[in-house]
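1. Turn this into a structure:
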Amino acid sequence: MKLYYSPGACSLAPHIVAREAGIALELEQVNIKTKRTGHDADFWQINPKGSVPVLELDTGEVLTEGPAIMQYLADLKPECKLAPANGTLPRYRLQAWLGFINSEVHKSYSPLFQLSTPEGTRSERRAALHKHYALLERQLAVQPWLNGDDFSAADAYLFTVTNWASYVHLDISPYSAIVAFQQRVAERPHVQAAMDAEGLTHKPAA
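-> Numbers count the residues shown, from 1 in each chain. Next comes the predicted model:
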């Protein structure tokens, strides 16, 4: 299988899940601005949505959207406990966390990366992120991982997007449980291997 990714983008989350599950992936970097891959292919032809991640299966089919890719990979190796069994309440809780991170946290960061975003919108998005992190802080203050005692796909996703905080000048230092969470994830050997492969540092956002 092949993962199309951009260093440090949301595609880092399925990359982490794959390494945590012991699944070997071929990696192909995508230039998000030019929409060309490392082999100079037209990325629009691979994913008409134009965004990473994309997982190309051995059959040649492609799967898009990070939460779907992470669950697909996790289900290939259920013994790794990266996603609870399908049809169980813990699985639906995992999907709820993935949905929250995707629609609320991830999308609140997106406008902050655009130079054209008005300051009023930036302030509103930062305020939204602080609200979201206050909720996440309460969850992580009482348990090590979002979905309980086991590191899951949701933790890989939260770690990935929270690493963007320093790039957009969002101060998360008041959230001690979040800061501790970022450090715990950053210290995981498979997370370090994924970040090394993407040319990233291990320093968590703060």
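2. And the next helix or strand past the lengthiest helix in the chain?
-> Longest helix in the chain by number of residues (criterion: DSSP state H): helix 119-140. Next helix or strand after helix 119-140 toward the C-terminus (DSSP states H and E): helix 153-162.
3. before we move on, the earlier item: what mean pLDDT does the longest helix of the chain have?
-> For helix 119-140, the mean pLDDT works out to 97.
4. what does stretch 151-160 give?
-> The predicted confidence, averaged over stretch 151-160, sits at 98.
5. related to what we said a few turns ago, pull out the buried positions in the longest helix of the chain.
-> Of the residues in helix 119-140, those with enough neighbours to count as buried (16 or more other Cβ atoms under 10 Å) are 125-126, 129, 133, 136-137, 139-140. Every residue, glycine included, has its C-beta placed from N, CA and C.
6. How about stretch 148-168?
-> Judged by neighbour count (16+ other Cβ under 10 Å), stretch 148-168 contains these buried residues: 151-165, 168.
7. End to end on that stretch, go ahead and measure it.
-> Stretch 148-168 has an end-to-end distance of 29 Å (criterion: Cα to Cα, to the nearest Å).
8. Buried ones in stretch 108-122, by neighbour count?
-> The neighbour-count check on stretch 108-122 (16+ other Cβ under 10 Å) flags 108-109, 112 as buried.
9. just to revisit the earlier point, so which of the buried residues of stretch 148-168 comes closest to A24?
-> Closest approach between those and A24, by Cβ to Cβ: A156, at 17.2 Å.
10. And the buried residues of stretch 108-122, which is closest to V54?
-> Sorting those by distance to V54 puts Y109 at the head of the list, at 20.3 Å, by Cβ to Cβ.
11. Per-residue pLDDT of that closest one, please?
-> pLDDT recorded at Y109 is 98.
12. for the one 5 residues further on, same thing?
-> The per-residue pLDDT reported for Q114 equals 93.
13. Then A197?
-> In this prediction A197 is given a pLDDT of 97.
14. measure the residue of the chain positioned farthest from its centre to R126 for me?
-> Of all residues in the chain, G120 has its C-alpha farthest from the mean position, at 26.6 Å, by Cα atoms, centre = their mean. If you measure G120 against R126 using Cβ to Cβ, to the nearest Å, the figure is 11 Å.
15. Direction included, what does the longest strand along the chain pair against?
-> Among the segments of the chain that qualify as a strand by DSSP state E, the longest is strand 26-31. For strand 26-31, the pairing partners within the sheet under DSSP bridges are strand 2-5 (parallel), strand 36-37 (antiparallel).
16. Relative to L82, which of these is closest?
-> L82 lies closest, by Cβ to Cβ, to one member of the strands paired with strand 26-31: strand 2-5, at 15.5 Å.
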